[in-house]
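Student: no sequence on hand, only this structure:
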């Protein structure tokens, strides 16, 4: 199964996302802000990243851009998982390099469908 990096500054959201992903047989690594997420992505080379948007230090849009524009990590798909549900947010996320966009709270079947689609 895949190694998935979950980045979220909310302990509750982080725990919920990890539970969903691990229930489907994947392993997880975590980060609690965007900057840490970028560092963990470089160190762990996950198969996919689930990225919150509203976080301190480096927001999810900025962290996604860093991951998807870095030659070392640009192959890693990033799915934004966020409360920001406006069409403009989704478009902006895609412009930063995000491969998917899921609105919180995520429905387990919707989240896993997006993960499975991107992992092939």
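Tutor: In hand now; what should we look at? Predicted, not measured: the structure shown is a model, and the values here were computed from it.
Student: do you have the helices of the protein handy? List them.
Tutor: Under the criterion DSSP state H, the chain contains helices at 11-23, 34-44, 60-69, 87-95, 108-119.
Student: go through the ones you listed and pick out the most buried.
Tutor: Among those, helix 60-69 has the highest mean neighbour count (mean count of other C-beta atoms under 10 Å), at a mean of 22. Bear in mind the C-beta positions are built from the backbone N, C-alpha and C, glycine included.
Student: of all the helices of the chain, which lies closest to residue 52?
Tutor: Comparing those by their distance to residue 52 (C-beta to C-beta), the top pick is helix 60-69, with 5.2 Å.
Student: show me what that closest one is packed up against.
Tutor: Judged by 3 or more C-beta pairs under 8 Å, 6 or more residues apart in numbering; DSSP states H and E, the packing partners of helix 60-69 are helix 34-44, strand 48-51, strand 78-82, helix 87-95.
Student: spatially central residue for this protein, please.
Tutor: For the chain, the residue nearest the mean C-alpha position is residue 50 (1.7 Å; C-alpha atoms, centre = their mean).
Student: if I pick residue 70, what's in contact with it?
Tutor: Applying C-beta atoms under 8 Å, 6 or more residues apart in numbering to residue 70 gives the contacts residue 42.
Student: and it, how far from residue 25?
Tutor: Per C-beta to C-beta, to the nearest Å, residue 70 is found 28 Å from residue 25.
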